[in-house]
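Student: give me a model of this one.
(2 chains)
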Amino acid sequence: DTGVSQDPRHKITKRGQNVTFRCDPISEHNRLYWYRQTLGQGPEFLTYFQNEAQLEKSRLLSDRFSAERPKGSFSTLEIQRTEQGDSAMYLCASSGRTSGRFWNNEQFFGPGTRLTVL
Amino acid sequence: AQSVTQPDIHITVSEGASLELRCNYSYGATPYLFWYVQSPGQGLQLLLKYFSGDTLVQGIKGFEAEFKRSQSSFSLRKPSVHWSDAAEYFCAVGQNQAGTALIFGKGTTLSVSS
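Tutor: Residues are numbered from 1 along each chain as shown, chains lettered A, B, ... in the order given. Model (predicted):
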């Protein structure tokens, strides 16, 4: 397995347009997370899936944001009516069982999608 | 409130010199602590983690970290820095409960001078 992958790596869009990002987690991981990272800041949590269920959403995830994980594998994050303040790096991470039967919260991150809203 | 503080925004170290990056946390539950490194334009790579046990943990690339519960600190160290270590370093705290979000500090940018 080659790790978490994200597509596209870069996206430039005009204000008001919709954009969609994709994340493919590590295949055996059933937990998937989205984070947003703005310049000079650490990543901030957006939302989390266990299998196909979206179990937690941050207050950062406004109504213009929607995330799905329809079959419990890849996930998409859509931003509608983009604003300049949405410009950021969007990071996806996954976690799952490590050794034996124990789960832990070690999260493996993808390379991110850098969004620029003009 | 749960938070992570990395007091140093930017550090410059000479190649071959030792490095220490500071991290302090405020967390209500038993903390599980991580250090990640991020190169420009890249995602985060896990350097090391502390879940329990020995308070000195070893990681990849010659890094180690020491957990001090009494000081709520988790400092990252490396005895001899290489030019390739120049990057941004993030400390993070979470619970060892699958599905909980990690809380990150704002990061420390490391520059290495020759």
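
Student: now for B:G43: which residues touch it?
Tutor: Taking C-beta atoms under 8 Å, 6 or more residues apart in numbering or on different chains as the criterion, B:G43 is in contact with A:4, A:6, A:91, A:109-112. In short, each C-beta sits where N, CA and C put it, glycine included.

Student: now, of those residues, which are buried?
Tutor: Of the members of the contacts of B:G43, the ones counted as buried by neighbours, 16 or more other C-beta atoms under 10 Å in any protein chain shown, are A:4, A:6, A:91, A:109-112.

Student: the spatially closest residue to B:S113 that is not a sequence neighbour: how many residues sit nearby?
Tutor: Nearest residue to B:S113, sequence neighbours excluded (C-beta to C-beta, 6 or more residues apart in numbering or on different chains): B:S14, at 5.2 Å. Applying other C-beta atoms under 10 Å in any protein chain shown, we find 10 other residues in the vicinity of B:S14.

Student: how close does B:S14 get to B:F63?
Tutor: For B:S14, the distance to B:F63 (C-beta to C-beta, to the nearest Å) stands at 18 Å.

Student: for chain B, which spans come out with low pLDDT?
Tutor: By pLDDT under 70, the weakly predicted segments of chain B are B:96-99.

Student: gap between the most centrally placed residue in it and A:D63?
Tutor: With distances taken as C-alpha atoms, centre = their mean, chain B has B:W35 as the residue nearest its mean C-alpha position (3.3 Å). Taking C-beta to C-beta as the criterion, B:W35 is separated from A:D63 by 35 Å.

Student: and stretch B:65-85, end to end?
Tutor: Using C-alpha to C-alpha, to the nearest Å, the end-to-end distance of stretch B:65-85 comes out at 16 Å.

Student: how about the residues of chain B by chain A?
Tutor: Taking C-beta under 8 Å from any C-beta of the partner chain as the test, the list of chain B residues beside chain A reads B:4, B:32, B:34, B:36, B:41-46, B:49, B:51, B:90, B:92, B:94-107.

Student: among those, name the ones in strands.
Tutor: Among the residues of chain B next to chain A, the residues falling in strands (DSSP state E) are B:4, B:32, B:34, B:36, B:44-46, B:49, B:90, B:92, B:94, B:103-104.

Student: alpha carbons of stretch A:38-53, as PDB, please.
Tutor: Backbone C-alpha positions of stretch A:38-53 (Å, rounded to 0.1, in the frame of the first residue of the first chain) are rendered in PDB as follows:
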ATOM      1  CA  THR A  38      -4.000  27.800   6.600                       C
ATOM      2  CA  LEU A  39      -0.700  29.600   6.200                       C
ATOM      3  CA  GLY A  40       1.300  29.700   9.400                       C
ATOM      4  CA  GLN A  41      -1.100  27.400  11.300                       C
ATOM      5  CA  GLY A  42      -1.300  23.800  12.300                       C
ATOM      6  CA  PRO A  43      -4.000  21.600  10.800                       C
ATOM      7  CA  GLU A  44      -7.500  22.100  12.200                       C
ATOM      8  CA  PHE A  45     -10.000  19.300  12.300                       C
ATOM      9  CA  LEU A  46     -13.000  19.500  10.000                       C
ATOM     10  CA  THR A  47     -14.800  16.100  10.100                       C
ATOM     11  CA  TYR A  48     -14.400  12.400  10.700                       C
ATOM     12  CA  PHE A  49     -15.800   9.200   9.200                       C
ATOM     13  CA  GLN A  50     -16.000   5.700  10.600                       C
ATOM     14  CA  ASN A  51     -16.700   3.500   7.600                       C
ATOM     15  CA  GLU A  52     -19.400   5.400   5.700                       C
ATOM     16  CA  ALA A  53     -20.800   7.200   8.700                       C
END
